[in-house]
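> one predicted model, sequence on top.
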Amino acid sequence: MEIRYLVTGGAEGFPSIFCQCDACRKVRTLLGKNVKMRSCTLVDQVMIDLSPDIFSQCINNHVDLSEVNHVVFTHSHSDHLNTTEICFRLRELASVIRKKDKKVMEIYGNDAVQNGIMEMVAKDPHVDLTRMKFHRIRKFEPFQAGNLKFIPLKAYHKLDEEALIFVIEDGRSTMLYANDTGALPDETLDFIEQQNIKFDIVSMDTCRGTLDGDTHMGIRENVELRERLRRMHAVTPDTEYYLNHYSHMCGMIPQEYERLVGQEGFLLTYDGLSVTV
């Protein structure tokens with residue numbers, strides 16, 4: 001399983017373009033891996049979410065999404081659901097698709113994601129809807145996307161819809177993709193324990209940094225989740241832990257936060273990071 005963290009920041013990015021906090025000021029000077037665009041991840045040939053920054057990140061990281069026709073969405077927030085790019089993919093002149101087996105974009109998401117896409121499609125007379133197949137996904141109901149098996153789990157995020165995180169399996173490795181969520185609901189943890197799922201890699205939201213968690217996690221919630229997974233025997237001593245979706249809100253720039261979480265054995269993701277499990 002190849003995991004490419006194309007973009008790894010929170011909704012406002014880091015530095016936030018209008019922000020005058022000390023952390024954003026520092027990052028504008030330091031640049032490099034401290035810069036974080038809005039999050040989305042490519043696992044093998046399946047996209048998870050579609051960032052508003054995806055165009056520049058594909059160029060920066062030499063990623064060719066013309067070969068990707070499976071997109072799985074966690075929820076409908078605009079930093080994850082880039083409906084503009086979806087419309088371009090569904091327009092014949094905007095996206096020339098020569099391979100017959102790539103013509104149709106397979107999209108997976110909840111009702112809010114479907115509604116968001118259809119609202120944008122309704123405004124675009126050039127969209128060809130035969131190029132899209134939407135799959136309604138629900139918590140605890142497995143589905144296949146490309147070569148990967150996904151099990152959607154309930155997230156604690158965007159409480160007016162069923163926001164999701166995922167167990168992802170390729171037949172050899174298993175990943176917990178817990179991006180954009182607060183502390184996991186009991187029903188999610190109970191499902192993992194009851195199904196006796198064991199993770200080779202755990203990817204966790206860490207948007208809050210050193211602050212207390214809310215509908216996002218911070219370092220405290222990351223440590224608590226790891227300990228809970230250990231007690232459930234859902235991880236092993238070899239399991240790797242990555243923290244993703246980091247924001248400027250706690251006032252620490254990424255290289256400072258990276259040192260802090262490293263003391264706990266966690267790795268902070270950065271834009272363009274590639275991990276093979």
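That came through, no problem. Numbers count the residues shown, from 1 in each chain.
> pLDDT at Asn61, what is it?
The model reports Asn61 with a pLDDT of 88.
> for it, grab the count of nearby residues.
Asn61: 16 surrounding residues under other Cβ atoms under 10 Å. Bear in mind the C-beta positions are built from the backbone N, C-alpha and C, glycine included.
> so it sits against Thr8, correct?
No - Asn61 lies out of contact with Thr8 (Cβ atoms under 8 Å); the separation is 11.7 Å.
> which residues do these two both contact?
Asp271 (Cβ atoms under 8 Å, 6 or more residues apart in numbering).
> helices along the stretch 1-150 of the chain, start to end?
22-30, 54-60, 83-89, 111-122 (DSSP state H, counting those that start in this stretch).
> avg pLDDT for the third one?
Helix 83-89 shows a mean pLDDT of 96 in the predicted model.
> show me what contacts Gln20?
No contacts exist for Gln20 under Cβ under 8 Å, 6+ apart.
> hmm, back to that, let's have the helices of the stretch 1-150 of the chain in TSV, adding distance to Arg228 and mean neighbour count.
Below are the helices of the stretch 1-150 of the chain laid out as TSV (distance: least, Cβ to Cβ, whole Å; neighbours: other Cβ atoms under 10 Å):
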stretch	distance to Arg228	mean neighbour count
helix 22-30	30	16
helix 54-60	32	15
helix 83-89	36	18
helix 111-122	28	16
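> worst average pLDDT in the ones you listed?
For those, where the average pLDDT is lowest is helix 54-60, sitting at a mean of 93.
> does anything pack onto that one? Which helices or strands?
Contacts defined by 3 or more Cβ pairs under 8 Å, 6 or more residues apart in numbering; DSSP states H and E place helix 54-60 against strand 2-7.
> who does the strand it packs on pair up with?
Sheet pairing of strand 2-7 (DSSP bridges) gives strand 40-43 (antiparallel), strand 273-276 (antiparallel).
> now tell me what touches the last one from outside.
Outside of strand 273-276, the residues within contact range by Cβ under 8 Å, 6+ apart are Met1, Glu2, Ile3, Arg4, Tyr5, Thr8, Ile201, Glu240, Tyr242.
> circling back to that earlier point, Phe191 is nearest to which of the helices of the stretch 1-150 of the chain?
Phe191 sits nearest to helix 111-122 of all the helices of the stretch 1-150 of the chain, at 21.0 Å, using Cβ to Cβ.
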